[in-house]
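S.K.: only the shape, not the letters, is given here:
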């Protein structure tokens with residue numbers, strides 16, 4: 001075995017350029033497999049972390065049919081007194097034109113209550129968030145994010161400034177930190193956002209009424225208990241019709257992401273596997289050429305006593321060594337590419353690293369390809385009759 005391995009290395013070294021071209025298909029296939037799967041894994045990890053950063057004690061409720069018993073702000077206040085349920089924050093949304101001293105841009109406005117800050121884990125940089133008195137008095141106050149402050153007003157120290165939202169003056173009372181790990185940032189919205197009292201949004205937009213159709217719920221202690229309690233309250237209010245509303249948690253998002261990722265990995269892995277098979281065909285082709293070129297050598301070795309098993313082992317090992325060298329180069333280049341990509345996208349809070357389980361799969365697959373596509377040429381060499389091989393004049 002050792003002697004056959006040495007001869008395989010000598011044969012490869014004797015024609016380095018041809019060997020490299022032969023390995024190129026394997027190199028590209030391994031790079032495709034490792035890089036694509038690692039990219040999907042890295043991107044998924046970033047999105048999953050963003051979902052987790054929203055908290056695992058958050059429920060999102062959407063009402064599609066209120067059955068003549070609409071949910072009001074007072075209803076939410078009553079539900080917050082129930083066991084197992086923590087804070088509840090409604091969320092109405094509209095898009096308006098924001099103006100400040102000649103600057104204008106589209107602003108996404110959310111109408112909500114004081115609980116929204118805690119429920120959704122918002123981070124205040126300056127000022128304060130919405131107060132209960134703001135909601136009760138329909139006060140025209142706004143809490144804006146850094147992007148809105150920078151692009152619309154021109155600076156972040158803007159507490160007390162007045163901005164116009166669809167022609168209505170709102171006083172800026174708070175500045176929120178732009179969260180790069182939020183779902184909004186991950187999915188590339190990057191929009192200007194303002195939070196105002198829910199009652200003020202009802203006056204600002206005709207699309208928002210006192211009937212609340214969307215709100216967030218935090219768990220008091222246990223997530224499952226909160227979901228059960230919330231579902232029970234909604235079923236009681238909507239005549240036991242579970243089609244009238246939807247209660248979802250962060251686990252649903254994570255499960256959906258996991259499902260999509262699995263399918264994507266299988267798809268990309270299959271495409272990369274095809275590339276490896278094409279590389280294996282190239283190796284079989286060059287091994288057939290090698291067998292033909294070394295026909296007289298095979299005849300001499302058989303004439304001096306080399307058995308069929310020895311010849312088969314020599315050429316099969318040469319095929320496997322070609323595949324494994326190509327695999328090693330492909331893994332190294334994949335590592336280098338992923339390191340470069342990690343530096344390039346570091347500002348997006350993403351990182352890509354070598355997935356060692358994928359590397360092991362690539363190594364095993366390459367080893368199998370080396371055997372599968374090397375077996376026919378090796379068997380052809382092993383079955384040659386010594387006299388015919390010695391008289392070969394090619």
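M.R.: Thanks, I have it. Remember, it's a predicted structure, so these values are computed and weren't measured experimentally. Residues are numbered from 1 along each chain as shown.
S.K.: from here on, just use CA atoms for contacts and neighbour counts.
M.R.: Will do.
S.K.: and the helices in this structure?
M.R.: 2-14, 16-53, 73-79, 115-119, 132-136, 146-148, 183-186, 198-204, 223-237, 250-293, 295-303, 308-344, 356-382, 386-390 (DSSP state H).
S.K.: reformat the ones you listed into JSON lines and put distance to residue 108 and mean neighbour count next to each item.
M.R.: Below are these laid out as JSON lines (distance: least, CA to CA, whole Å; neighbours: other CA atoms under 10 Å):
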{"stretch": "helix 2-14", "distance to residue 108": "64", "mean neighbour count": "14"}
{"stretch": "helix 16-53", "distance to residue 108": "21", "mean neighbour count": "21"}
{"stretch": "helix 73-79", "distance to residue 108": "22", "mean neighbour count": "13"}
{"stretch": "helix 115-119", "distance to residue 108": "16", "mean neighbour count": "19"}
{"stretch": "helix 132-136", "distance to residue 108": "19", "mean neighbour count": "16"}
{"stretch": "helix 146-148", "distance to residue 108": "10", "mean neighbour count": "22"}
{"stretch": "helix 183-186", "distance to residue 108": "12", "mean neighbour count": "16"}
{"stretch": "helix 198-204", "distance to residue 108": "12", "mean neighbour count": "21"}
{"stretch": "helix 223-237", "distance to residue 108": "28", "mean neighbour count": "17"}
{"stretch": "helix 250-293", "distance to residue 108": "23", "mean neighbour count": "17"}
{"stretch": "helix 295-303", "distance to residue 108": "76", "mean neighbour count": "18"}
{"stretch": "helix 308-344", "distance to residue 108": "30", "mean neighbour count": "20"}
{"stretch": "helix 356-382", "distance to residue 108": "42", "mean neighbour count": "20"}
{"stretch": "helix 386-390", "distance to residue 108": "81", "mean neighbour count": "17"}
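S.K.: of the ones you listed, which is nearest residue 192?
M.R.: Residue 192 lies closest, by CA to CA, to one member of the helices of the chain: helix 146-148, at 4.5 Å.
S.K.: pLDDT on the closest one, on average?
M.R.: Averaged across helix 146-148, pLDDT comes to 91.
S.K.: ok now that helix, how far from the chain's centre?
M.R.: Centroid separation for helix 146-148 versus its chain: 26 Å, with CA atoms, centre = their mean, to the nearest Å.
S.K.: just checking, what packs against that helix?
M.R.: Where contact means 3 or more CA pairs under 8 Å, 6 or more residues apart in numbering; DSSP states H and E, helix 146-148 is packed against strand 192-197.
S.K.: picking up where we left off before, could I get the helices of the chain as a markdown table with distance to residue 67?
M.R.: Output for those, formatted as a markdown table (distance: least, CA to CA, whole Å):
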| stretch | distance to residue 67 |
| --- | --- |
| helix 2-14 | 78 |
| helix 16-53 | 32 |
| helix 73-79 | 15 |
| helix 115-119 | 26 |
| helix 132-136 | 26 |
| helix 146-148 | 38 |
| helix 183-186 | 32 |
| helix 198-204 | 21 |
| helix 223-237 | 8 |
| helix 250-293 | 26 |
| helix 295-303 | 86 |
| helix 308-344 | 51 |
| helix 356-382 | 52 |
| helix 386-390 | 90 |
